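Undergrad: Turn this into a structure:
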Amino acid sequence: MADLDRVARVRALLDGVRREGRTALTAPEGRQVADAYGIAVPGEEFARDEDEAAAHAERFGKPVVMKIVSPDILHKTDAGGVLVGVEGEADVRAAFRTLLDNARAYDPRARIDGVQVQELVPPGQEVIVGAVTDPTFGKVVAFGLGGVLVEVLKDVTFRLAPVGTDEALSMLDSIRSAEVLRGVRGGPAVDRTALAEQIRRVSELVTDFPEIAEVDLNPVIAAPRGALAADVRVILGGSAPPARRRYTRDEILASMDRLMRPRSIAVIGASDVPGKIGHAVLRNLLDGGFAGEIHPVNPKADDIQGRKAYASVTDIPGEVDVAVFAVPARAVPRVLEEVGRKNVPNAVLIPSGFAETGEQALQDEITAIGERYGIRLLGPNIYGYYSTWQDVCATFCTPYDVKGGVALSSQSGGIGMAVLGFARATNTGVSAIVGLGNKADLDEDDLLTWFGEDPHTRCVAMHLEDLKDGRAFVEAARATVPKKPVVVLKAGRTAAGARAAGSHTGALAGDDAVYDDVLRQAGVIRAPGLNDMLEYARALPVLPAPRGDNVVIITGAGGSGVLLSDAVTDNGLSLMEIPPDLDAAFREFIPPFGAAGNPVDITGGEPPSTYEATIRLGLEDPRVHALVLGYWHTIVTPPMVFAELTARVVAEFRERGVEKPVVASLAGDVEVEEACRYLYERGVVAYPYTTEMPVAVLGAKYRWARAAGLLGGRP
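TA: Here you go, the predicted structure:
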């Protein structure tokens, strides 16, 4: 009943603000909202004149803060509308007059309601707690260092609202300056529980009232006991955008099953003329070995590439699972109507000429047709898709048939071809490669829902420029991550820029800042670049999951050992503190001029037996959870000798049930390239000429293991 009462009180308040044509709440109205939701604030009173201000200040009995109250002045400090530490009746009266004069000078047309008299909060750490409406993810809650420098420091983190207590506490550790909250140089730590409670309650508020666009508690004074919001700002937004049509999980899986495992495919616009998209798509399907039915559709031919052609998709006997479109954009609506009447569940729209060229109305038309008939649309403006385990090559690009466990998608055709080229160059087996293009309908959350259940897929990697429904994606990611890694390359990492915002939180919520934190919250591994995404996708299915945090570096070169150590730290991994007994065991195999500890430097002139003995030690000791190997090319231990012995030892331990992630960096002449290929094929992720990449993929594996609940600690 108490919750219903608070909602009713805030609802009445917000409705009143709306009736007055306002979008910003005054400070006293913000106080009412805070009181309703248990957001801790200092004692304060509203004064309409000097007499009331003096009486309130006397009742508080100590220095006060005085703030102008005006629905037309959002940033009170900019208007000279805040005075701190005012004490004594004469000074309070003078301060009242000063605040009114400053406000009138700042905006002569502003409505001045009076002055807020507030208890002066004892000193503490200034932080910001807020919420904003993100165009992709909806309501997100924010936390960071606050005060007047909040937009300069930009040390802030975001989460989807609502958040529970544990998630709110995790936000305190997610900012760069987290140590400040724990107490530095003898200073006291802040009250973490009280601070997390402020975050949680703000997230409840914006969840209950979607019309609240932004909330600012800035500053919140966090002390050893308690956390008080010295200023509360609430801003209302406009009308909510129209709801996107949502499909149930079962509906998504049913349509995706027929798309990715079709029994019958129609190629609309199929052609006998080389150089046309309709020719290439049909040729790829025929040459790819698809075992199902393939039906060319073209009203101008009876036979195309040796197959009976149909004038319309409606003429095809039996069911059709997928219709691949290779016709001009203007012809798509008419033909899509025929596809709907045929009850085809999936349309793969290769043509361009829709929203990407300004033809939004045409794209809206085909989207409406798809919804009316229950057709799921892939595209438009795509290169097609590959479903390798079904021998489906429904694309006008080069074929690819190496089956494996990596599912890849891209919003861009160019990126899609980079994916294809990388897969071919590295012999990476894929379960699917899917183009998404304009995403008129099917998007990443549909694919992720399917790939999460697909037994052939062990890792999902996605290039995206935006998300149509961020919350649907997060929901799909959270269901998938416990079973397999999800890697995302999000294009457009630059901040949203100086968009109009009525609060500090709004100004701080650049697109990428929110994406970064919310994707991490969902357990997604974010890749910094295209090559990183592809390498993560290739490596993660190869590496076994770690069972602990202790990483040991074994290297034949001191210089690479230092670089590998840096990479371990940069990727959030932990170099093991070698216990004395293990240190002594390593020293048995290291020359006097080598170095134990971590990295273990065996030096470059050592024979293969030294590499083998030290690698064995690392795999045998249960306290060691992952190995990073640094190899330096010498004639004493040639590259292929190192590769063969390493692969043999790792395989031996895996047969004994000891599976630890092992990555390797090989420095040397060109022979190291062949050695890396040999190692990779045998479950050791190895790279030539780089110390960064092998540790980066190990770091990605660790991030997934934490997100999947296989390791302790925050992902």
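
Undergrad: which stretches of this structure have low pLDDT?
TA: Applying pLDDT under 70 to the chain flags residues 1-2, 147-153, 239-241, 493-511, 712-715.

Undergrad: Just give me the residue right at the centre of it.
TA: Relative to the mean C-alpha position of the chain, the nearest C-alpha, by Cα atoms, centre = their mean, is the one of L519, at 2.1 Å.

Undergrad: could you say which helix or strand contains that residue?
TA: helix 511-521 (DSSP states H and E).

Undergrad: What are the neighbouring residues in contact with the residue nearest to the centre of the chain?
TA: Neighbouring residues of L519 by Cβ atoms under 8 Å, 6 or more residues apart in numbering: A477, V488, K490, R526. In this view, the C-beta of every residue, glycine as well, is placed from N, C-alpha and C.

Undergrad: do the same with A651
TA: Taking Cβ under 8 Å, 6+ apart as the test, what A651 contacts is R682, G683.

Undergrad: Make sure it is indeed in a helix.
TA: Yes. Secondary structure of A651, determined by DSSP: H, G, I helix; E, B strand; the rest coil: located in a helix.

Undergrad: Next one: the closest residue to R6 other than its chain neighbours relative to V117, how far apart?
TA: Closest residue to R6 in three dimensions, ignoring its sequence neighbours and counting by Cβ to Cβ, 6 or more residues apart in numbering: A36, at 4.2 Å. Using Cβ to Cβ, to the nearest Å, one obtains 21 Å as the distance from A36 to V117.

Undergrad: Give me the more crowded residue out of these two.
TA: Per other Cβ atoms under 10 Å, whichever of A36 and V117 has more neighbours is V117, with 26 against 20.

Undergrad: got the contact list for the spatially closest residue to the more buried one that is not a sequence neighbour?
TA: Among residues not flanking V117 along the chain, H56 sits closest, at 4.2 Å (Cβ to Cβ, 6+ apart). Shown here is H56, whose contacts under the criterion Cβ under 8 Å, 6+ apart are E45, A47, V64, V117.

Undergrad: D272 contacts D302, correct?
TA: No. With contact taken as Cβ atoms under 8 Å, D272 and D302 are classed as non-touching, separated by 11.0 Å.

Undergrad: Show me which of those two is the more surrounded one.
TA: Legend: neighbour count by other Cβ under 10 Å for D272 and D302, higher for D272 (17 against 10).

Undergrad: Against V322, how distant is the spatially closest residue to the more buried one that is not a sequence neighbour?
TA: Setting aside the residues directly before and after it, D272 is nearest to I304 in space (Cβ to Cβ, 6+ apart), at 5.2 Å. Note on I304: its distance to V322, by Cβ to Cβ, is 17 Å.

Undergrad: The helix or strand hosting A407: which residues count as buried?
TA: Assessed by DSSP H and E, A407 sits inside strand 403-410. By neighbour count with 16 or more other Cβ atoms under 10 Å, strand 403-410 contains the buried residues G404, G405, V406, A407, L408, S409, S410.

Undergrad: That one: what's the following helix or strand?
TA: Assigned by DSSP H and E, the successor of strand 403-410 is helix 413-426.

Undergrad: Which positions within that next one qualify as buried?
TA: Of all the residues in helix 413-426, those buried under the rule 16+ other Cβ under 10 Å are G413, I415, G416, M417, A418, V419, L420, F422, A423.

Undergrad: next one: stretch 614-626
TA: Neighbour-count burial for stretch 614-626 flags T614, I615, L617, G618, L619, D621, V624, H625, A626 (criterion: 16+ other Cβ under 10 Å).

Undergrad: Among those, which ones are in helices?
TA: In helices, judged by DSSP state H, the following of the buried residues of stretch 614-626 are found: T614, I615, L617, G618, L619.

Undergrad: Export those to TSV and append columns for distance to D570.
TA: Putting these into TSV (distance: Cβ to Cβ, whole Å) gives the following:
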residue	distance to D570
T614	24
I615	24
L617	26
G618	21
L619	25
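
Undergrad: Could you double-check that R9 sits in contact with E29?
TA: No. With the criterion set as Cβ under 8 Å, R9 and E29 do not qualify as a contacting pair; they are 11.4 Å apart.

Undergrad: more neighbours, these two?
TA: Using other Cβ under 10 Å, the more surrounded residue of R9 and E29 is E29, with 22 against 15.

Undergrad: could you dump the strand or helix carrying that one to CSV, C-alpha only?
TA: Using DSSP H and E, E29 sits in helix 27-36. Backbone C-alpha positions of helix 27-36 (Å, rounded to 0.1, in the frame of the first residue of the first chain) are rendered in CSV as follows:
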residue,chain,number,x,y,z
ALA,A,27,13.4,22.4,-6.0
PRO,A,28,10.5,22.0,-3.5
GLU,A,29,8.7,19.8,-6.0
GLY,A,30,11.9,17.7,-6.4
ARG,A,31,12.0,17.4,-2.6
GLN,A,32,8.5,16.0,-2.6
VAL,A,33,9.5,13.4,-5.1
ALA,A,34,12.6,12.5,-3.1
ASP,A,35,10.6,12.2,0.1
ALA,A,36,8.1,9.9,-1.6
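
Undergrad: buried sites along that helix?
TA: Those buried within helix 27-36 under the rule 16+ other Cβ under 10 Å are A27, E29, G30, R31, Q32, V33, A34, A36.

Undergrad: quick one: the second one and G657, what's the gap?
TA: E29 sits 65 Å away from G657, taking Cβ to Cβ as the criterion.

Undergrad: The first one now?
TA: Here A27 is placed at a distance of 65 Å from G657 (Cβ to Cβ).

Undergrad: and I265, how many neighbours?
TA: Applying other Cβ under 10 Å, we find 23 other residues in the vicinity of I265.

Undergrad: could you list every residue that touches it?
TA: Residues in contact with I265 (Cβ under 8 Å, 6+ apart) are 285, 290, 292-295, 320-324, 392, 394.

Undergrad: and it, helix, strand or coil?
TA: Going by three-state DSSP: I265 is strand.

Undergrad: Any buried residues in the strand or helix carrying D250, and which?
TA: D250 is part of helix 249-260 when elements are defined by DSSP H and E. By neighbour count with 16+ other Cβ under 10 Å, helix 249-260 contains the buried residues I252, L253, S255, M256, R258, L259, M260.

Undergrad: Run a quick check on the second one versus E453, I expect a contact.
TA: Yes. L253 is within contact range of E453, at 6.5 Å (criterion: Cβ under 8 Å).

Undergrad: returning to that earlier point: could I get the contacts of H56 in JSON lines, plus columns for distance to M693 and secondary structure?
TA: As requested, the contacts of H56 are exported to JSON lines (distance: Cβ to Cβ, whole Å; DSSP: H, G, I helix; E, B strand; the rest coil):
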{"residue": "E45", "distance to M693": "62", "secondary structure": "strand"}
{"residue": "A47", "distance to M693": "64", "secondary structure": "strand"}
{"residue": "V64", "distance to M693": "59", "secondary structure": "strand"}
{"residue": "V117", "distance to M693": "60", "secondary structure": "strand"}
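
Undergrad: out of those, which is most surrounded?
TA: In terms of neighbours by other Cβ under 10 Å, the contacts of H56 top out with V64 at 29 neighbours.

Undergrad: show me the residues around the closest residue to that one other than its chain neighbours that make contact.
TA: Spatial nearest neighbour of V64, excluding adjacent residues (Cβ to Cβ, 6+ apart): A57 at 4.9 Å. Under the criterion of Cβ under 8 Å, 6+ apart, the contact partners of A57 comprise V64, V86, E87, E89, V92, V117.

Undergrad: For the chain, identify the residue most remote from the centre.
TA: Among the C-alpha atoms of the chain, the one most distant from their mean position (Cα atoms, centre = their mean) is that of A90, at 55.4 Å.

Undergrad: just to revisit the earlier point, more neighbours: which of I304 and V322?
TA: Looking at I304 and V322 with other Cβ under 10 Å, you find the greater number of neighbours at V322, namely 26 against 22.
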